[in-house]
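Participant: sequence first, then the predicted structure, then my questions.
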Amino acid sequence: NAGVTQTPKFQVLKTGQSMTLQCAQDMNHEYMSWYRQDPGMGLRLIHYSVGAGITDQGEVPNGYNVSRSTTEDFPLRLLSAAPSQTSVYFCASSPTKRGGSYNEQFFGPGTRLTVL
Amino acid sequence: GENVEQHPSTLSVQEGDSAVIKCTYSDSASNYFPWYKQELGKRPQLIIDIRSNVGEKKDQRIAVTLNKTAKHFSLHITETQPEDSAVYFCAASMAAAGNKLTFGGGTRVLVKP
């Protein structure tokens, strides 16, 4: 298993450009999420999905869109990039919580995005 | 929503000493508390977790304690080694939120040889 994969690893954008960060997992996990990591602020949830066709907003959703057409893929779209979106982006997946037990979230390697 | 605060933000210890990181959470409904370790330039990885029906959990040199009344939980690393140097994150989740995690701000731990 490749686990959770993310592309690209690095990206530089100009203000106003749009792009899509790719995330895929081959573990048949139902739950997928996107976080951004800024210095001193930990990981903040952008959007998440509990299964194909279902998405919802997290803590910091503004400026980002997501879709979940398949179980495997969960792309994150930046509509019009701004310098405030300079960050490291992590995708994560886990099996859906069943029977009251919580499941570990597995993180991808991250995408380092710089917006000029 | 849930708010998790983590202290200290940086921690320097001598090799062989113990390290303690503390987190507080705001929502009494939270009942799952994982800890993640992130080495420089790498992804976060789960190192230990605790559920609200347990007060303490140990795994070799690491342990986590939970005080539900005070709404705080702590990570303890004993006999620290240079490879323990990393950023550690605590997080909290509640049953109603499914797999959603709220993270603390992180603690950068440096173990000096």
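Facilitator: That came through, no problem. Bear in mind the structure is a predicted one, so any value in this text is a computation, not a measurement. Numbering: from 1, shown residues only, chains lettered A, B, ... in the order given.
Participant: number of nearby residues for the closest residue to residue A:4 other than its chain neighbours?
Facilitator: Spatial nearest neighbour of residue A:4, chain neighbours left out: residue A:108 (3.9 Å); criterion: Cβ to Cβ, 6 or more residues apart in numbering or on different chains. Backbone N, C-alpha and C define where each C-beta goes, glycine included. Using other Cβ atoms under 10 Å in any protein chain shown, residue A:108 has 26 neighbouring residues.
Participant: same question, residue A:51
Facilitator: 13.
Participant: ok, the one 10 residues further on next?
Facilitator: With neighbours defined by other Cβ under 10 Å, the count for residue A:61 comes to 16.
Participant: how much space separates it from residue B:13?
Facilitator: 38 Å (Cβ to Cβ, to the nearest Å).
Participant: just residue A:109 next, same as before
Facilitator: Distance, residue A:109 to residue B:13, using Cβ to Cβ: 28 Å.
Participant: which bits of chain A sit near chain B?
Facilitator: Neighbours of chain B within chain A, by Cβ under 8 Å from any Cβ of the partner chain: A:31, A:33, A:35, A:40-45, A:48, A:50, A:58-59, A:90, A:94, A:96-97, A:100, A:102-105, A:107-110.
Participant: can I get the buried part of the residues you listed as one ChimeraX selection?
Facilitator: Buried members of these, defined by 16 or more other Cβ atoms under 10 Å in any protein chain shown, are picked up in ChimeraX with:
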select /A:31,33,35,42,43,44,45,48,50,58,59,90,94,97,102,103,105,107,108,110
